[in-house]
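S.K.: when you get a sec, could you give me coordinates for this:
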Amino acid sequence: MIEIPGNIILVICLLRCLHYFLQSHIRRAQTFWLAGVLIFVTAIRRELNYLPDLFVPNNFTLLSRSYDWWEDMVLTVIYLVVVGLLIHSWRYLWALLKKAPLSLYGSVAVLAVVQYMGENAILFPKDFGVFVEEISETIIYAVALIYLWRLNINDYANQQKEASELHYQTSTR
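M.R.: Here you go, the predicted structure:
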């Protein structure tokens, strides 16, 4: 039950990235936001890791491979696609990373460490550690949602247009 708010936030983040994907007119921005959509798909899958136990029989095989093997392969392909999309859109990614405040990086890093400590019962009792882990994850997801919601992609689109125009001007001389 404690995971439900985090899952809802992840779905909203996914929808926001999809909205930015559809709203963007620059190809590199679209590839970045498509990578964002795929990242949130994998995060949602990670959070819903108990669903296969409910719906997939233990002896499930397809082409002589287990469900776990297929799931690992599909997620690996998604991760590789995400890396490729981020490499393709590295300028747009870098523009976003530069504009984010350092406190955002620091707070997410601290929350990630607390999440890890809770998950592995470091400095926390096992039962309380699970609670700390889930709360930390939910806060990280909420930070991502707030950042996505407050982001104005038109600022970055204008930067990209100006950079393209400057590149065109300097290359035609």
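S.K.: pLDDT of stretch 45-56, averaged?
M.R.: Throughout stretch 45-56, pLDDT has a mean value of 74.
S.K.: same question but for stretch 124-143, I mixed them up
M.R.: Mean per-residue pLDDT for stretch 124-143: 91.
S.K.: mind checking the SS state of residue 59?
M.R.: coil (DSSP: H, G, I helix; E, B strand; the rest coil).
S.K.: could you say which helix or strand holds the spatially closest residue to residue 114 that is not a sequence neighbour?
M.R.: Excluding the flanking residues, the one nearest residue 114 by Cβ to Cβ, 6 or more residues apart in numbering is residue 136, at 4.8 Å. The C-beta positions use only the backbone N, C-alpha and C, and glycine is treated the same way. Residue 136 is part of helix 126-150, with elements assigned from DSSP states H and E.
S.K.: packing partners of that helix?
M.R.: helix 4-23, helix 102-119 (3 or more Cβ pairs under 8 Å, 6 or more residues apart in numbering; DSSP states H and E).
S.K.: nearest to residue 83 among these would be which one?
M.R.: helix 4-23 (16.5 Å; Cβ to Cβ).
S.K.: how close does residue 87 get to residue 68?
M.R.: Counting by Cβ to Cβ, to the nearest Å, the gap between residue 87 and residue 68 amounts to 29 Å.
S.K.: just residue 95 next, same as before
M.R.: Distance from residue 95 to residue 68, by Cβ to Cβ: 39 Å.
S.K.: in stretch 17-32, what counts as buried?
M.R.: Of the residues in stretch 17-32, 17, 20-21, 24, 26, 28-32 count as buried by neighbour count, 16 or more other Cβ atoms under 10 Å.
S.K.: average pLDDT for it?
M.R.: On average, stretch 17-32 scores 90.
S.K.: what's in contact with it?
M.R.: Stretch 17-32 is contacted from outside by 33-34, 36-37, 39-40, 85-86, 88-89, 91-93, 96, 148, 151, 153, 156-157, 160-161, using Cβ atoms under 8 Å, 6 or more residues apart in numbering.
S.K.: endpoints of that stretch, how far apart?
M.R.: Taking Cα to Cα, to the nearest Å, the first and last residues of stretch 17-32 lie 9 Å apart.
S.K.: heads up, I number from 14, so please use that
M.R.: With the count now opening at 14, the last piece we talked about shows up as stretch 30-45.
S.K.: in space, what's closest to the most centrally placed residue in the chain - neighbours in sequence excluded?
M.R.: Compute the mean C-alpha point of the chain, and by Cα atoms, centre = their mean the closest residue is residue 52, 3.8 Å away. Distance criterion Cβ to Cβ, 6+ apart; nearest residue to residue 52, sequence neighbours excluded, is residue 95 at 5.9 Å.
S.K.: repeat for residue 73
M.R.: residue 80 (4.6 Å).
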